[in-house]
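# Could you look at this predicted model? Sequence included:
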Amino acid sequence: MISNEKKHLDLSAVLESDMCIGCGACTMADRSLTLELSPDSLIYQPDGLGNPAAAAVCPAISVDFDHLHEKVFPGSEVTGHGVVERVVLAQSTNEERNLKASSGGLIKEMLRQLLSRDDVDGILALDEISGLDYRVRLISRSDEIDELPGSIYHAVPLDDTLRLLSETQGRFVVVGIPCQLEGMYNYIFECDPDLVNRISFTVGLLCGWLYSHHAVEAISQYKRIDSQKIEKISYRGSGPVGKLQITTPGKTTAIGRRVDFGYQVAFDRSFNAPRCHLCINHSNFLADVVVGDAWLPSTVTTRTGISLVTCRTTEASDLINELEQNGSIVVAEASVDDITESQTRRVVFGDFAYAYAEHLDRIDSHHPAMIGPNRPFTELRPEEEAVFFHKELVRKRELQAHQRYRFLWWRKATKELPRHLRRYWSWFVVRVLRIKSLTGTRQEISRSSLKSFK
């Protein structure tokens, strides 16, 4: 089982291991701290060690999911997928919204509906400032919602969520990634329990991993882009998979996410924030409703993408019904099995993350202490896989720190190429050929049931 539950007096272990994800909980618990972009890891982290209060709320130190589930969803049954009321596939009927969002446009439809309610005073969501600079801001008008960016893959500071909740009277919808909500609730229930009354509803993202700025630096080098002149970056859009688009003065470079080899190198998992490799909460256990890409065989051929939606509360399910009844979305019923199929059980049940945490225990290296409701269903990956991964990760992060991105390109093209090609073959067999349906391993959602989807 996972250990590493010693009492931390400060954030030294987090900083030494680069486990910070920039949620900002520590900066609220210890007001002497601010988040800064580390010049080495190129992820956001506090500028000091902080005090015991900062350590007590840090989700890179520990997350007590049993406690948080009792607080956030009192009396609800917790399954291996967390609290689940309903699972659906859904898509906005607004095609322009779909194409901008890539995966169905559901979040913006939800936010528009929620903002129209009398008991909602605003939305706290990440917005683009310029270039790679994004900040959480308060949205109070419906016309601002469509101006919000789509998926953001690079590291961003998320501390303004708690600050705005603390400083602004009213009730708000919070949009966040899993570790962001972990930090938010860690702080609230440890330091300021009344603050929970300012949260009207939470919209969570199925996490698509968080990348250090090294990923942006690498792809910029491969495409001969001056990263210091980036005016805008868009990771998705124009279809389910979409393209990475980087805008510099007078030029926009479009990069295919599925087939461009440079993209595959720069957004290799080794460029993730280190805590991502240990995350067992990609499914966002603490959000009222969770939205992400439906990576299913039945959705492969869709033109504008489809959202996989997990409703964790009756209110979330009612929201889906409202949107369907007023014609804003189309809906098809799904199941928790579709969550696993879409995201893979490695992600949903933490098969690798728990195994990797055990390996870090064996070598006495820091990792966040957290056991999610998915742990009883975990099929731990072999120890040798975790050992090999860690050795590779340490080496690749050293290369990144020295900006040897070209070397990493050649490494992927030679030593790692067979593994890279196997991953593509697996995607093709499972998602395109629907091999699980052909062999009777799984009954996929029929494409005919999605006939109203674009």
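That came through fine.
# Going by C-alpha atoms from here, please, whenever you check contacts or count neighbours.
OK.
# neighbours of the closest residue to His154 other than its chain neighbours, just the number please.
Using C-alpha to C-alpha, 6 or more residues apart in numbering and skipping residues adjacent in sequence, the residue nearest His154 is Tyr211, 4.6 Å away. The number of residues packed near Tyr211 is 26, by other C-alpha atoms under 10 Å.
# Equivalent analysis for the one 4 residues further on, please.
Per other C-alpha under 10 Å, the neighbour tally for Ala215 reads 25.
# which residues touch it?
By C-alpha atoms under 8 Å, 6 or more residues apart in numbering, the residues touching Ala215 are His154, Ala266, Phe267, Phe271.
# Whichever of the residues you listed end up buried, select them in PyMOL.
Here is the PyMOL command that selects the buried residues among the contacts of Ala215 (16 or more other C-alpha atoms under 10 Å):
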select buried, resi 154+266+267+271
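# Filter the contacts of Ala215 down to the ones in helices?
Ala266 (DSSP state H).
# Identify each buried residue in the strand ranked longest in the chain, please.
Using DSSP state E, we find that the single longest strand of the chain is strand 122-130. By neighbour count on 16+ other C-alpha under 10 Å, the buried set for strand 122-130 is Gly122, Ile123, Leu124, Ala125, Leu126, Asp127, Glu128.
# Test my guess that the fourth one contacts Ile177.
When you say that, I think you mean Ala125. No: assessed by C-alpha atoms under 8 Å, Ala125 is found out of contact with Ile177, at 10.5 Å.
# Any stretches of the stretch 51-200 of the chain with poor pLDDT?
Scanning the stretch 51-200 of the chain for pLDDT under 70 picks out 102.
# which residues in it form strands?
In the stretch 51-200 of the chain, strands defined by DSSP state E, counting those that start in this stretch lie at 62-63, 86-92, 122-130, 133-139, 172-176, 199-205, listed in chain order.
# JSON lines for these, including distance to Asp260?
JSON lines is the format used below for those (distance: least, C-alpha to C-alpha, whole Å):
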{"stretch": "strand 62-63", "distance to Asp260": "37"}
{"stretch": "strand 86-92", "distance to Asp260": "27"}
{"stretch": "strand 122-130", "distance to Asp260": "25"}
{"stretch": "strand 133-139", "distance to Asp260": "25"}
{"stretch": "strand 172-176", "distance to Asp260": "29"}
{"stretch": "strand 199-205", "distance to Asp260": "25"}
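# between those, which one is nearest to Gly372?
Nearest to Gly372, of all those, is strand 62-63, at 8.8 Å by C-alpha to C-alpha.
# Any idea which residue is closest to the centre of this protein?
Computing the C-alpha centroid of the chain and ranking residues by C-alpha atoms, centre = their mean puts Cys207 first, at 2.2 Å.
# what about it, which SS state?
Secondary structure, DSSP: H, G, I helix; E, B strand; the rest coil: Cys207 is coil.
# Tell me the secondary structure at the closest residue to it other than its chain neighbours.
Distances taken as C-alpha to C-alpha, 6+ apart put His282 closest to Cys207, at 5.0 Å, once the chain neighbours are dropped. Classification of His282 using three-state DSSP returns coil.
# contacting residues around His282?
Applying C-alpha under 8 Å, 6+ apart, we find His282 in contact with Pro178, Leu206, Cys207, Gly208, Val347, Val348.
# do Cys23 as well
When contacts are counted by C-alpha under 8 Å, 6+ apart, Cys23 is found next to Pro157, Leu158, Asp159, Cys179, Gln180, Gly183, Met184.
# Check which helix or strand it maps to.
Secondary structure assignment for Cys23, by DSSP states H and E: no helix or strand.
# Tell me the predicted confidence for it.
You'll see Cys23 listed with a pLDDT of 96.
# thinking again about what came up before, so what's the residue nearest to His154 bridging to?
Beta-bridge partners recorded for Tyr211 (DSSP bridges): His154, Asn272.
# What are the neighbouring residues in contact with Ile435?
Ile435 sits next to Val429 when contact means C-alpha under 8 Å, 6+ apart.
# make that Ile230, sorry
Per C-alpha under 8 Å, 6+ apart, neighbours of Ile230: Gly131, Leu132, Ile246, Thr247, Thr248, Pro249.
# can you check Ser307 too?
Ser307 is in contact with Leu89, Ala90, Gln91, Ser103, Gly104, Gly105, Leu106, Val291, Gly292, Asp293, Ala294, counting by C-alpha under 8 Å, 6+ apart.
# What of Lys412?
Contacts of Lys412 by C-alpha under 8 Å, 6+ apart are Val265, His420.
# got a list of contacts for stretch 195-208?
Identification of contacts with stretch 195-208 by C-alpha under 8 Å, 6+ apart yields 107, 119-120, 153, 165-166, 169-178, 188, 282-284, 286-293.
# Count the neighbours of Leu380 for me.
Neighbours of Leu380 under the rule other C-alpha under 10 Å: 18.
# go on, the one 3 residues further on?
Here the neighbour count serves as a burial measure; for Glu383 (other C-alpha under 10 Å) it reads 14.
# ok, it to Ala353 distance?
Distance of Glu383 to Ala353, computed by C-alpha to C-alpha, to the nearest Å: 11 Å.
# Likewise for Ile152?
From Ile152 across to Ala353, the span is 23 Å (C-alpha to C-alpha).
# what does Pro52 give?
In this view, Pro52 and Ala353 are 27 Å apart by C-alpha to C-alpha.
# Just want to know which of these two has more residues nearby.
Ala353 (23 against 16).
# Who are the contact partners of the more buried one?
Contact analysis of Ala353 by C-alpha under 8 Å, 6+ apart lists His277, Leu278, Cys279, Ile280, Arg346.
# what sits against the last one?
In other words, Arg346. Residues counted as contacts of Arg346 (C-alpha under 8 Å, 6+ apart) are Phe352, Ala353.
# So what's the residue count around Gly24?
For Gly24, the neighbour count with other C-alpha under 10 Å is 29.
# Equivalent analysis for Glu16, please.
Glu16: 11 surrounding residues under other C-alpha under 10 Å.
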